[in-house]
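> predicted model and sequence follow; I will ask about them next.
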Amino acid sequence: MSLEQITQAQLDAYNAQDLDAYCGFFTDDVVVADVGGAVNLEGVAAYRERYAGAFAKFPNNKAELLN
């Protein structure tokens, strides 16, 4: 798969709110940090928890790959 195809597949999972497929794009030890380097999330379990809440709160949220 090309990088564009991988990115589109991730967005497709996000847009479908398919939590298993979406989290499958991340390793168990994923770390999410802000632009200043402060860590916001550590581990796929924390990532899953964050997006389970986001998907429940924003059921119509969608993303689109433009470039």
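Received, thanks. Numbers count the residues shown, from 1 in each chain.
> C-alpha from now on. contacts and neighbour counts both.
Noted.
> and the gap between the residue located most distally from the centre of the chain and Asp29?
When each C-alpha in the chain is compared with the mean C-alpha position (Cα atoms, centre = their mean), Gly36 comes out farthest, at 19.9 Å. Using Cα to Cα, to the nearest Å, Gly36 is found at 20 Å from Asp29.
> can you tell me the SS state at the residue most central in space within the chain?
By Cα atoms, centre = their mean, the chain has its centre lying nearest to Tyr22, at 5.5 Å. Secondary structure state of Tyr22, per DSSP: H, G, I helix; E, B strand; the rest coil, is helix.
> check Glu64 too.
Going by three-state DSSP: Glu64 is coil.
> now the strands for the protein?
31-33, 39-42 (DSSP state E).
> now the last one: buried residues?
By neighbour count with 16 or more other Cα atoms under 10 Å, strand 39-42 contains the buried residues Leu41.
> which residues are in contact with it?
Around strand 39-42, the neighbours that count as contacts under Cα atoms under 8 Å, 6 or more residues apart in numbering are 29-34, 47.
> narrow those to those that are buried.
Buried among these by 16+ other Cα under 10 Å: 30, 47.
> ok, so of the contacts of strand 39-42, who is nearest Gln5?
Minimum distance to Gln5 across these is 20.8 Å, recorded for Val30 (Cα to Cα).
> okay, the closest one: pLDDT?
Each residue has a pLDDT score; the one for Val30 is 97.
> could we number from 644 for the rest of this?
Noted, 644 is the first residue going forward, which turns the last one into Val673.
> show the pLDDT at the residue nearest to it when sequence neighbours are not counted.
Sequence neighbours aside, Gly686 is the residue nearest to Val673 in space, at 4.9 Å (criterion: Cα to Cα, 6 or more residues apart in numbering). Model confidence at Gly686, given as pLDDT, is 98.
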